[in-house]
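Student: Dropping the sequence and predicted coords here.
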Amino acid sequence: MKLINLVAILIMSLFIVACGGGSSGSEPIAPVVDVPIIIDDGGDDDDDEEEIDPNAVYATTAELKATKSFLLKQEYELTVSYKNASNRNAYLSVCTEFTEGEYGIKVNYNTCLLRTSIDKSYTGSLIVANDKNRLVMAIWYFDDVKSPRYEVWENNSDAEGERKFDVN
């Protein structure tokens, strides 16, 4: 009986080794590439910077060019404030998708970054995706819910520092 168990274990071990389980060796292995690190010495190299065409079409992303002042950020912070001078109870919505037409503004309320009810003024901050350059604030007064007030904000991409969406 011991001999049969030993032979069975030996045969199973051979099958496991024979099957392998790894790759067949036909897949190429990607070489390790050292990426150079560029250190900004703080010098003013704006004179050496060439003119960048914003409408240029490139075949690869390696050809893309950007100014030194361009920061690759996925989002930005926006300070939102609404001054409620009449102290009316209201509901604020700040949304990213809307259309303006001859009958007014139509808002996709599924894209709202802010939804809050207020009875006084409001101040807060939002994190907005960098590709969102226009926002709409819908102000719904509780005593007149059929006619909301809309305010549109446009991102000034040249703006440095704090971005503000102020409504009075």
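Tutor: Yes, it's here. Numbering: from 1, shown residues only.
Student: can you give me the helices for the protein?
Tutor: Along the chain, the segments classed as helices by DSSP state H run 2-19.
Student: Okay, now the unreliable bits of it?
Tutor: 17-50, 69-71, 157-160 (pLDDT under 70).
Student: what do you get if the cut-off is 80, keeping everything else the same?
Tutor: Filtered on pLDDT under 80, the chain yields the residue ranges 1, 3, 6-7, 10, 12-54, 64-73, 156-161.
Student: so where do the strands sit in it?
Tutor: Along the chain, counting by DSSP state E, strands occupy 75-82, 90-95, 98-101, 104-107, 112-118, 122-129, 134-141, 144-154, 163-167.
Student: Output stretch 76-86 as CSV, nothing but the C-alphas.
Tutor: C-alpha atoms of stretch 76-86 as CSV (Å, rounded to 0.1, in the frame of the first residue of the first chain):
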residue,chain,number,x,y,z
TYR,A,76,-9.8,73.2,-9.4
GLU,A,77,-11.4,74.8,-6.3
LEU,A,78,-14.2,77.2,-6.8
THR,A,79,-15.6,79.5,-4.1
VAL,A,80,-19.4,79.8,-4.4
SER,A,81,-21.3,82.5,-2.6
TYR,A,82,-24.9,83.7,-2.8
LYS,A,83,-25.9,86.8,-0.9
ASN,A,84,-29.6,86.4,0.1
ALA,A,85,-30.4,90.0,0.9
SER,A,86,-34.1,89.4,1.4
